[in-house]
Every structure is written in structure tokens, then in C-alpha cells.
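In: Sequence first, predicted coordinates after that:
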Amino acid sequence: MPASSAPDQGLAPLLPDYDGACISNVVPALLGRSSGRGTDPDWLPTAVRHATQIVLLVVDGLGWDQLRARAALAPTLSAAEGIDRAITSVAPTTTACALTSITTGCRPSEHGLLGYRLAVDDQQHHLTGMADRLGQPAGNAPVGVGPAEQCRDHVGDAGAPVVGEG
């Protein structure tokens, strides 16, 4: 299904396909642990299914509709195998929520990081470098808080190194 349109255009909003072609299922599919199905999902490009090494490029804020509408501006990316079909994001579609879902393989309701602030023990922690620019105390998530434990089963220990940069 092609990506969404604004609600005022009379179309229903596009909901996440948490059981199918959704960004939260990309890393588990790449690691061969796609929801225990034992087969690759049909939305995974053929070349990826047979690859021995994979680089996952995430372009934050670039949706499928935007790429299709401006294919001439990014011809190599637009022509890549697998770009012919949209996958859904998560809800909410904040960068913090979406990137956490991509890297952990968890739905937002499982990892719990929905935005850039986290309240723990009556203290508010800002998870970005913006806090100091706003005159607020900078901070990281407190130790032991985060999606690692509950999401370990989604990505597992596939023996593949995972490198992320924020």
C-alpha cells in the first residue's frame, strides 16, 4: 500500500503494519529472525535475502512518498532494489521512537521511548544534546532504563556486529 496522505485530503491515515512491512521489523528480518516465521518476508528485497553483508542506511525524515515525488533528485537511491514498495513507520513517528524501533526490533509499546524526555524518579531526563542549549540540565537515560532487556528476543544474538551513531 502506498504511503499516507494528509487527513484533510479525505483519506484515512496510514497505520503501522506491525506484523508486516514496518520499520520495526527491518533489523529482525535482516538478522534472519523475522517473527519466528522461518522465511524471509516478501517485502525484503531479493538481493538482501542472499547477502552475506548488509549496510542499513536510514535517512531520517525521508518518506517513500517524498522520495517517489523527487526521484530525479536521488536517482541512485530511487532506483535501488526494494524501493518500489513502501513500508510503514511506527506511531508516534518521532525520530527517537522510530530509530529505537529500527535498532531494537520492538514496537513503541514495547520499548517505551516515545520522545526525547524520560521521567524517572520524579526527575526529567533529556535524551538529546538540545537540553544545554535550552538552559536545562543535560542528561542521558539513567542506567538500567531502556529497551535492552525486553527487546533482546527481537534481535537476539545473531553474531552480527551492530553499530549505531546518534
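Out: Perfect, thanks for sending it.

In: in this protein, which spans are helices?
Out: Applying DSSP state H to the chain gives helices spanning 26-30, 46-49, 64-69, 75-78, 95-104, 108-111, 130-133, 148-155.

In: I'd like those written out as TSV, with distance to residue 20 added.
Out: Every residue, glycine included, has its C-beta placed from N, CA and C. Written out in TSV, the entries for the helices of the chain read as follows (distance: least, CB to CB, whole Å):
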stretch	distance to residue 20
helix 26-30	10
helix 46-49	16
helix 64-69	15
helix 75-78	23
helix 95-104	14
helix 108-111	16
helix 130-133	34
helix 148-155	15
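
In: Out of those helices, which gets nearest to residue 12?
Out: helix 64-69 (15.2 Å; CB to CB).

In: Run through this structure and note the low-pLDDT ranges.
Out: Low-confidence segments of the chain, defined by pLDDT under 70: 1-10, 33-38, 118-121, 123-166.

In: can you pull out the strands in it?
Out: In the chain, the strands defined using DSSP state E lie at 117-120, 123-126.

In: From residue 21, how far off is residue 42?
Out: Per CB to CB, to the nearest Å, residue 42 is found 8 Å from residue 21.

In: Residue 79 now?
Out: Using CB to CB, residue 79 is found at 20 Å from residue 21.

In: which of the two has more neighbours?
Out: residue 21 (19 against 10; other CB atoms under 10 Å).

In: thinking again about what came up before, okay if I get the helices of the chain as JSON lines plus distance to residue 56 and mean neighbour count?
Out: Listed next are the helices of the chain as JSON lines, based on distance: least, CB to CB, whole Å; neighbours: other CB atoms under 10 Å:
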{"stretch": "helix 26-30", "distance to residue 56": "7", "mean neighbour count": "21"}
{"stretch": "helix 46-49", "distance to residue 56": "10", "mean neighbour count": "12"}
{"stretch": "helix 64-69", "distance to residue 56": "16", "mean neighbour count": "14"}
{"stretch": "helix 75-78", "distance to residue 56": "14", "mean neighbour count": "10"}
{"stretch": "helix 95-104", "distance to residue 56": "8", "mean neighbour count": "21"}
{"stretch": "helix 108-111", "distance to residue 56": "18", "mean neighbour count": "18"}
{"stretch": "helix 130-133", "distance to residue 56": "26", "mean neighbour count": "12"}
{"stretch": "helix 148-155", "distance to residue 56": "12", "mean neighbour count": "15"}
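
In: Great, nothing more from me.
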